[in-house]
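Engineer: No sequence on hand, only this structure:
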């Protein structure tokens, strides 16, 4: 047992020493799949893992960094998809233009939701965001002249780049999603290492102390909702282009719950945790298709076990510090009696 612990510690030290090289090699390996003869089904599964990674990263800004539980994240996902699909089908706009419109619209909607809920927390915020998602779904169902109601929107244009159509079959869409995932990770990492990220973590750790320090907590909460909405809108626009058909029932409460499960399982506040959570929970129904109907029962059991034995998630930080110390700095923490070494 001691030998295994030493091996794990050595692997961790080796990873932290060469983490950038490891990440670059992993990204290169994923990009190399584009040049291989990969089955279209495999591409689709990888694309869905990428989209849910972006969704989990967006929720992580609200839940992982700021500590606000949002149970209606599928609303931003659906808005990004519908805005992009409507602009693409009705006005013939390029995917990249319609996707930007979806991102902007979702971010504005996130800002409005943040303004109306900035004084709410806990179960009140969760119930409000859940109701918000249901209101958005009912609007999409009822506004038939714009959204085509329950029939949804069909024949959504695929992305085109330099005259080349990006599809699942030719791997172009997979490569596009991979690039979007890398950009989203870089964006969230920049937020995490910035003043904004440190402030959001401080709000999660002790909101009252943050207010007493003269920080405008409401403004930062609204900013978090806007960023999360924009990222979720990007995932929605890409999903609409891949699927070429969307309807309101595609973005239901189950979708919001899956995003929450990914965020909690992987580790709230951890970017790597969101990637791991997306891989596990999106690939799970595909690997065990006979149990796909019971996946939410399994998700619930997983969350119960995680809350009992590892509440911070698989890759979550044991420390309750609002920000990370530089590597090599050791800090005593009440939640980790032995101290944390970064």
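Structural biologist: Structure's in. What do you need? The structure displayed is predicted, hence computed values, not measured ones.
Engineer: Please count neighbours and contacts with C-alpha atoms only from this point.
Structural biologist: Will do.
Engineer: give me every residue that touches residue 203.
Structural biologist: Neighbouring residues of residue 203 by Cα atoms under 8 Å, 6 or more residues apart in numbering: 66, 67, 210, 217.
Engineer: Residue 147 too?
Structural biologist: Listed by Cα under 8 Å, 6+ apart, the contact partners of residue 147 are 82, 86, 140, 141, 153.
Engineer: In the residues you listed, find the pair that's most separated.
Structural biologist: For those, the farthest-apart pair by Cα to Cα is 86 and 141; their separation is 14.4 Å.
Engineer: right, and residue 231 touches residue 55 too?
Structural biologist: Yes - judged on Cα atoms under 8 Å, residue 231 makes contact with residue 55 at a distance of 6.9 Å.
Engineer: Looking at the two, which is more packed in?
Structural biologist: residue 55 (34 against 28; other Cα atoms under 10 Å).
Engineer: Okay, and that one sits in which element?
Structural biologist: According to DSSP states H and E, residue 55 maps onto helix 40-60.
Engineer: for the helix or strand just after that helix, packing partners?
Structural biologist: Downstream of helix 40-60, the first helix or strand assigned by DSSP H and E is helix 74-90. For helix 74-90, the helices and strands in contact under the criterion 3 or more Cα pairs under 8 Å, 6 or more residues apart in numbering; DSSP states H and E are helix 95-117, helix 122-142, helix 144-147, helix 217-243, helix 253-266.
Engineer: Minimum distance to residue 42: which of the ones you listed has it?
Structural biologist: helix 217-243 (14.0 Å).
Engineer: got the buried residues for the closest one?
Structural biologist: By 16 or more other Cα atoms under 10 Å, the buried positions in helix 217-243 come out as 217, 220-243.
Engineer: ditto for stretch 191-202
Structural biologist: Neighbour-count burial for stretch 191-202 [16+ other Cα under 10 Å]: 191, 192, 196, 197, 198, 199, 200, 201, 202.
Engineer: Equivalent analysis for stretch 279-287, please.
Structural biologist: Of all the residues in stretch 279-287, those buried under the rule 16+ other Cα under 10 Å are 279, 281, 282, 283, 285.
Engineer: ditto for stretch 26-38
Structural biologist: Within stretch 26-38, the residues that count as buried by 16+ other Cα under 10 Å are residue 34.
Engineer: Over to stretch 96-108?
Structural biologist: For stretch 96-108, burial by neighbour count (16+ other Cα under 10 Å) applies to 96, 98, 99, 100, 101, 102, 103, 104, 105, 106, 107, 108.
Engineer: average pLDDT for it?
Structural biologist: Averaging pLDDT along stretch 96-108 gives 94.
Engineer: From here on, call the first residue 28.
Structural biologist: Sounds good: first residue 28 from here, last item stretch 123-135.
Engineer: Contacts for it next, please.
Structural biologist: If you take Cα under 8 Å, 6+ apart as the criterion, stretch 123-135 is touched by 103-104, 106-112, 114-115, 186, 252-261, 263-265.
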